[in-house]
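Visitor: Quick check, what structure comes out for this input:
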Amino acid sequence: MKKKKNTAHSYKGTLDIARSGIGYVIVDGLERDILVKPSDFNTAFHGDTVRVEVTNAKAGGRTEGRVAEVLERKQTEFIGRLQGGGQTFFIADGQKPVPDFFIPADKLSGATDGDRVVAKMVSWNKGERRPLGEVIAILDPEDSNDMAMKELLLEKGFPLDFDDDVLETALRLPEAITADEVRKRRDFRKTLTFTIDPVDAKDFDDALSFRKVKKDLFEIGVHIADVSHFVEPDTELDKAAYQRATSVYLPDRVSPMLPERISNELCSLRPREDKYTFAAVFQINSKGEIKETWLGRTLIHSDHRFTYEDVQEIIETKDGLYLEEVLTLNKLAQQFRKKRMEHGAINFSSVEVRFQLDEKGKPVGIVLKESKEAHQLIEEFMLLANKAVAEYVAKIKIDGQPVPFPYRVHDDPDEEKLKPFAEFAKKYGHTFDMSSPDAIAGSFNQMLRDAQGRPEQHVLEQLGIRTMAKAIYATEDIGHYGLGFEHYCHFTSPIRRYPDVMVHRILQRCLDGHPPLDKKMDQKCRHTSERERAAMETERAANKYKQVEYMRQFLGDTFDGVISGVASFGFWVETVATKCEGLVSLNSLLDFDEFRHVEEDYCLVGMRSGRVFRMGDKVRIRVVAANLEKRQLDYEWAPTEEEAAAGGEMPRRRAIPRGGSSRGGGSKDRSRKTASRGGDKPRGDKPHGGAPDRGGKKASHDGAPDWAPKKSKKGGDKGAKKSDKRR
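Guide: A predicted model of the protein is given here:
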């Protein structure tokens with residue numbers, strides 16, 4: 001469908017359908033959404049990108065319109081139930097209204113009346129009362145986890161499977177290394193090369209080569225799977241990858257951007273196999289100084305597959321395979337890291353939360369892992385390659401104009417967000433110099449160093465993250481504030497991120513002397529940024545589901561926790577041992593005291609007792625409800641006798657039905673998502689005084705770790721995630 005330009009009476013926007021059935025088209029640049037009645041949806045579903053024509057514009061009143069055209073479908077696959085008689089219809093689940101699909105008898109795929117299925121909308125022609133659909137999967141009613149994970153993916157517009165023509169295209173791709181292609185590449189097959197990945201990784205998209213040039217000079221190559229060699233522009237394979245734009249990592253599965261034929265076979269840098277790669281090769285001296293940089297296509301043969309644990313053991317014991325090479329790489333990586341911090345990079349710490357699942361996907365344990373030097377080794381060399389590619393492209397001009405390119409950008413902190421945080425940090429003795437962005441970064445790092453190991457560390461890190469902007473893809477090269485880089489892009493993970501594929505294609509054209517002029521690059525950057533955000537929201541929801549599922553076994557038990565957010569209706573607590581977050585409702589505190597919310601201090605204060613619940617405080621909580629459907633945990637404060645005596649009376653247990661909810665913990669229906677137009681919030685953001693994104697996983701400084709997502713696929717320790725590389 002052709003997209004028409006906005007006119008005075010026609011706009012492009014996103015249709016948001018409320019539970020009531022009324023729709024609102026959200027248009028960038030308009031202060032108020034355009035109301036659309038259900039009779040004027042014109043086959044559009046919730047979340048679709050549409051062209052809306054204004055039918056009634058009242059001065060100072062509500063603008064009304066009708067959907068003239070569906071430009072892009074957000075979702076075509078849904079979970080629901082079949083209802084049959086003489087004809088069979090599909091009734092979708094969910095809180096958003098979806099028309100019933102008519103399913104012809106030859107499209108039932110063996111499903112019968114009453115079955116829960118995944119159905120796909122095949123078409124909805126003008127004049128037809130209902131969409132035409134087909135059943136693509138029958139769901140096992142006993143596998144609630146599978147249904148929940150699939151529903152989360154579909155809600156955000158991630159298809160569950162690839163179309164047959166996409167899979168067929170992938171299967172036809174040749175595997176053989178050809179002599180003609182070898183002549184086009186720099187051959188590294190005789191140079192020591194290895195990968196470093198999680199123990200249960202199934203695909204390997206980056207490798208390091210190492211060669212000692214002379215005593216004080218090393219040649220180190222960062223070799224990345226050459227996805228663009230196999231995925232050509234405008235093919236069905238390319239369109240499917242662009243539609244998804246990213247892989248999605250759930251605790252028990254991966255929704256891949258590319259078929260496994262590519263991600264696990266053709267492009268995976270498996271040991272003892274020749275593979276096509278795209279590389280950034282550096283000559284570096286022992287001081288960590290880059291003496292020479294080469295960019296181009298390479299051919300490698302991985303000699304060994306390391307796990308992070310293998311490399312960490314070598315670093316700590318000074319013993320193991322390729323000892324000299326590993327220690328040299330680690331030494332250089334730590335030098336790079338130190339220099340980054342000195343040049344303004346912000347060093348927020350992070351904890352990786354991994355679920356241990358049984359054979360049915362049920363969580364049986366939670367493991368917390370911190371980033372160690374083995375992870376930092378890979379991180380620093382990926383950052384180095386990403387930066388080098390961006391710097392190279394930034395220098396190239398087309399008729400005096402920059403090459404349209406998907407830079408990974410991260411804006412300076414918002415001063416209005418930073419001021420209240422700086423005032424709060426001052427109460428702990430930490431001062432902020434806000435005279436310049438560099439001074440702010442220096443203040444952040446000084447604060448993080450000074451707070452290390454102190455009670456306020458957790459709260460300052462979490463609140464500090466929220467002051468940060470959200471990293472996005474954009475053609476305007478404003479730099480990456482959080483990393484301290486003037487130029488930055490994503491080059492190192494094309495198996496799981498579409499922007500990296502675009503970067504590879506543009507880079508090769510630049511190297512060939514024919515830089516491309518892609519007039520749709522801004523649109524592609526917006527799309528891939530939106531899909532990345534959707535993936536993160538899906539991952540957060542899936543992790544929350546697993547947290548709730550895990551904590552159901554502990555109803556009535558008590559845990560040590562840390563207050564992770566405060567609102568007028570209660571406070572959130574994250575358990576120390578498992579990082580599972582739940583709400584302590586103000587209702588559950590009424591028998592103890594009445595509390596008022598002090599927003600600027602991120603706390604609740606007892607009106608009679610003076611008891612303070614402040615973000616970052618350690619508290620003891622009891623698990624009182626775990627609602628899987630709402631992905632919601634409810635806690636209540638479980639004070640010690642001394643704490644209760646200090647404030648007066650020991651609170652009485654308030655009866656809350658198991659699986660139920662206390663006030664304020666549920667997800668609210670935002671029938672008009674006007675908040676979504678206010679810009680990206682950092683991952684895990686908790687607006688001051690509002691409800692947090694209770695997602696479980698920790699954020700980096702920009703809301704998305706930014707050095708390339710290296711996450712594992714379903715394996716032994718299901719859901720175990722590779723050190724997150726999204727910077």
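
Visitor: so which strand or helix has K369?
Guide: Assessed by DSSP states H and E, K369 sits inside strand 363-370.

Visitor: Residues contacting that strand, please?
Guide: Strand 363-370 has contacts (C-beta atoms under 8 Å, 6 or more residues apart in numbering) with 251, 349-358, 546, 549-550, 577-580, 717, 720. C-beta: built from backbone N, CA, C; applies to glycine.

Visitor: Let's see that with 6 Å instead.
Guide: V351, E352, R354, F355, Q356, L357, D358, K546, E549, Y550, T578 (C-beta atoms under 6 Å, 6 or more residues apart in numbering).

Visitor: Look at the last one and tell me its secondary structure.
Guide: Read that as T578. coil (DSSP: H, G, I helix; E, B strand; the rest coil).

Visitor: what's across from the nearest residue to it once chain neighbours are set aside in the sheet?
Guide: Distances taken as C-beta to C-beta, 6 or more residues apart in numbering put I366 closest to T578, at 4.3 Å, once the chain neighbours are dropped. Taking DSSP bridges as the rule, I366 bridges to F355.

Visitor: quick revisit: looking at the strand holding K369 now, give me its mean pLDDT.
Guide: The average of the pLDDT scores along strand 363-370 is 91.

Visitor: ditto for stretch 324-342
Guide: 96.

Visitor: same check, this time on stretch 345-356
Guide: Stretch 345-356 comes out at a mean pLDDT of 85.

Visitor: returning to that earlier point: mind giving me the PyMOL select for the contacts of strand 363-370, buried ones only?
Guide: With 16 or more other C-beta atoms under 10 Å as the criterion, this PyMOL line picks the buried residues out of the contacts of strand 363-370:
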select buried, resi 352+354+355+356+357+546+549+550+578
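
Visitor: Give the next helix or strand downstream of the helix or strand where V562 lies.
Guide: According to DSSP H and E, V562 maps onto strand 558-567. Downstream of strand 558-567, the first helix or strand assigned by DSSP H and E is strand 570-575.

Visitor: Can you name the element that comes right after that next one?
Guide: Following strand 570-575 in sequence, per DSSP H and E, is strand 581-585.

Visitor: Could you spell out the sheet neighbours of that following strand, each with its direction?
Guide: Pairing partners of strand 581-585, with direction, according to DSSP bridges: strand 570-575 (antiparallel), strand 632-637 (parallel).

Visitor: re earlier: so which elements touch the strand holding V562?
Guide: Judged by 3 or more C-beta pairs under 6 Å, 6 or more residues apart in numbering; DSSP states H and E, strand 558-567 is in contact with strand 570-575, strand 618-627.

Visitor: Please identify the buried residues of the last one?
Guide: Neighbour counts over strand 618-627 (16+ other C-beta under 10 Å) mark V619, I621, R622, V623, V624, A625, A626, N627 as buried.

Visitor: next one: stretch 364-380
Guide: I366, S371, E373, A374, H375, Q376, L377, I378, E379, E380.

Visitor: quick one on the thing from earlier: quick check, nearest of the contacts of strand 363-370 to G570?
Guide: T578 (20.2 Å; C-beta to C-beta).

Visitor: Return the distance of the helix or strand where K338 lies from the chain's centre.
Guide: Of the helices and strands defined by DSSP H and E, K338 is found in helix 323-342. Distance of helix 323-342 from the chain centroid (C-alpha atoms, centre = their mean, to the nearest Å) equals 27 Å.

Visitor: With just CA atoms, put it into CSV.
Guide: C-alpha atoms of helix 323-342 as CSV (Å, rounded to 0.1, in the frame of the first residue of the first chain):
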residue,chain,number,x,y,z
LEU,A,323,47.1,-18.3,27.9
GLU,A,324,49.3,-15.5,26.5
GLU,A,325,46.7,-14.5,23.9
VAL,A,326,43.8,-14.4,26.3
LEU,A,327,45.8,-12.4,29.0
THR,A,328,47.0,-9.9,26.3
LEU,A,329,43.4,-9.4,25.1
ASN,A,330,42.2,-8.9,28.6
LYS,A,331,44.9,-6.5,29.4
LEU,A,332,44.1,-4.4,26.4
ALA,A,333,40.4,-4.6,27.1
GLN,A,334,40.9,-3.2,30.6
GLN,A,335,43.0,-0.4,29.2
PHE,A,336,40.3,0.4,26.7
ARG,A,337,37.7,0.4,29.5
LYS,A,338,39.8,2.7,31.7
LYS,A,339,40.3,5.2,28.8
ARG,A,340,36.5,5.1,28.1
MET,A,341,35.7,6.1,31.7
GLU,A,342,38.3,8.8,31.6
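
Visitor: show me where the stretch 101-250 of the chain has strands.
Guide: Assigned by DSSP state E, counting those that start in this stretch, the strands in the stretch 101-250 of the chain fall at 101-103, 116-123, 132-138, 186-187, 192-197, 206-214, 217-225, 248-250.

Visitor: Show the model's pLDDT score for Q75.
Guide: 89.

Visitor: R305 - nearest residue in space that isn't next to it in sequence?
Guide: Nearest to R305 is P271, by C-beta to C-beta, 6+ apart, at 4.5 Å.

Visitor: Unless I misread the structure, that neighbour falls within a strand.
Guide: No. Assigned with three-state DSSP, P271 falls outside any strand and is coil.

Visitor: That one and T195: what is the separation?
Guide: Computed as C-beta to C-beta, to the nearest Å, the P271 to T195 distance reads 7 Å.

Visitor: Between those two, which is the more surrounded one?
Guide: T195 (23 against 15; other C-beta atoms under 10 Å).

Visitor: Go through the helices and strands of the chain and name the one with the lowest mean pLDDT.
Guide: Across the helices and strands of the chain, mean pLDDT, DSSP states H and E gives its lowest value to helix 641-647, namely a mean of 69.

Visitor: quick one, what contacts A68?
Guide: Shown in contact with A68 (C-beta under 6 Å, 6+ apart): R51, E53.

Visitor: So it: helix, strand or coil?
Guide: strand.

Visitor: Quick check, pLDDT for it.
Guide: On the pLDDT scale, A68 gets 93.

Visitor: What strand or helix carries the residue most central in space within the chain?
Guide: For the chain, M536 is the residue whose C-alpha lies nearest the centre (C-alpha atoms, centre = their mean; 2.8 Å). Secondary structure from DSSP H and E places M536 in helix 521-551.

Visitor: by contact count, what packs against that helix?
Guide: helix 144-155, strand 248-250, strand 363-370, strand 472-474, strand 618-627.

Visitor: Quick check: bridge partners of V117?
Guide: For V117, the beta-bridge partners are G80, I138 (DSSP bridges).

Visitor: Could you measure from K202 over to F348?
Guide: Distance from K202 to F348, by C-beta to C-beta: 29 Å.
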